[in-house]
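In: Generate a structure from the sequence data that follows.
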Amino acid sequence: MKAEQKGRYITPEHVEAYKNGVFKTLLEAIKEDPELSLEMRLNNEAKVYYHKDKILTTSINSNGEKKVTMLDKKYYDKYPDKERPSADIENIKKLRSITLIRKYFRDAKKLTYFYKKGTEFSFQQNIALGNRSFDNKYLVVDMEWQFSQEGIEENERISRTRIDLVIIDTEKNEHGCNDIYLAELKVGTEATDGKSGIIDHVNKTYEIIQKKEACVSLVNDVKSIIDNKTELGLISGQPKDFNFGDKPKMMIISAYRGKEEKQRLDDEMQKAIKRAKEIGMEAPKCILYNALIQLKD
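Out: Below is the predicted model of the structure:
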């Protein structure tokens, strides 16, 4: 993979730093904590997320200098106690200590939890965690994907939006292609109207599907992220040869916690299907998930 390529990936040098170099212990700590996810980003950066919040970033510049960026200080402001945890590793040398890294992540999670609470974030993380194998029907490739419109003329740009989950179908469709899904996650019936409403998400997803540059960027990102995560052991199972189509599809994942929520979320999905039909878009794949845990012997 060429270093000058744009997209979401990290270079072989960066991968090697995680496998055998200065970031090796950091990767071990990330893998052992199911609440953390390591995602590849633009400009040869790898970012660690907890509940959608970025809590650590690694990067390597053109001179080969390795850098770690810790938790932003804004997260300290809303912590309720006067004795706030100190989320700081101080310098890159301390990344070789699994004890210090664990403490850092523990403190960083406390700070971000009180900064921005949200049920949806936990579900998003759990869906990603539960679909990290080539052996599954669906494979979550990325979270919070966004089309970088750098180089696109101002009058040709589409609406800015972040995709909750990028998911691929590991089984080929009737045309011999592996579908890529841009998934929107809804937990309960909060935030179903307005700017975060389902119709708005359908419209914005349609813009991405219709934008050739966005589709090309998405496929390239999916390929490079799979390569990186496979090499780092972040995806399990037997690797497969994928054949991606030219355009992604939409998926809506709705988690309900009772009959009333289930009905209201189902109504929202029907609205999405209707809107897709109106604009000439393929109906989104809709998945209703029961978030209640029934205890059994």
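In: Packing partners of the helix or strand of the chain with the lowest mean pLDDT?
Out: The weakest-scoring helix or strand in the chain, judged by mean pLDDT, DSSP states H and E, is helix 119-130 (a mean of 83). Packing partners of helix 119-130 (3 or more Cβ pairs under 8 Å, 6 or more residues apart in numbering; DSSP states H and E): strand 37-41, strand 138-145, strand 163-169, strand 180-187. (C-beta placed from N, C-alpha, C; glycine too.)
In: Now do the third one against strand 138-145, angle only.
Out: Meaning strand 163-169. Between the axes of strand 163-169 and strand 138-145, defined by axes from the mean of the first three to the mean of the last three Cα atoms, to 10 degrees, the angle is 160 degrees.
In: now the helices and strands packed on helix 119-130 in a markdown table, with mean pLDDT and mean neighbour count?
Out: Shown next, in a markdown table, are the helices and strands packed on helix 119-130 (pLDDT from 0 to 100; neighbours: other Cβ atoms under 10 Å):
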| stretch | mean pLDDT | mean neighbour count |
| --- | --- | --- |
| strand 37-41 | 95 | 22 |
| strand 138-145 | 96 | 22 |
| strand 163-169 | 97 | 23 |
| strand 180-187 | 94 | 23 |
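In: Dump those strands into a markdown table; add distance to Leu100 as well.
Out: Putting these into a markdown table (distance: least, Cβ to Cβ, whole Å) gives the following:
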| stretch | distance to Leu100 |
| --- | --- |
| strand 37-41 | 18 |
| strand 138-145 | 26 |
| strand 163-169 | 31 |
| strand 180-187 | 33 |
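In: Indicate which one of those is closest to Asp246.
Out: strand 180-187 (10.0 Å; Cβ to Cβ).
In: Show me the shaky parts of the protein.
Out: Residues of the chain that meet the criterion pLDDT under 70 lie in 1-5, 81-83, 87-93, 117-119, 189-196.
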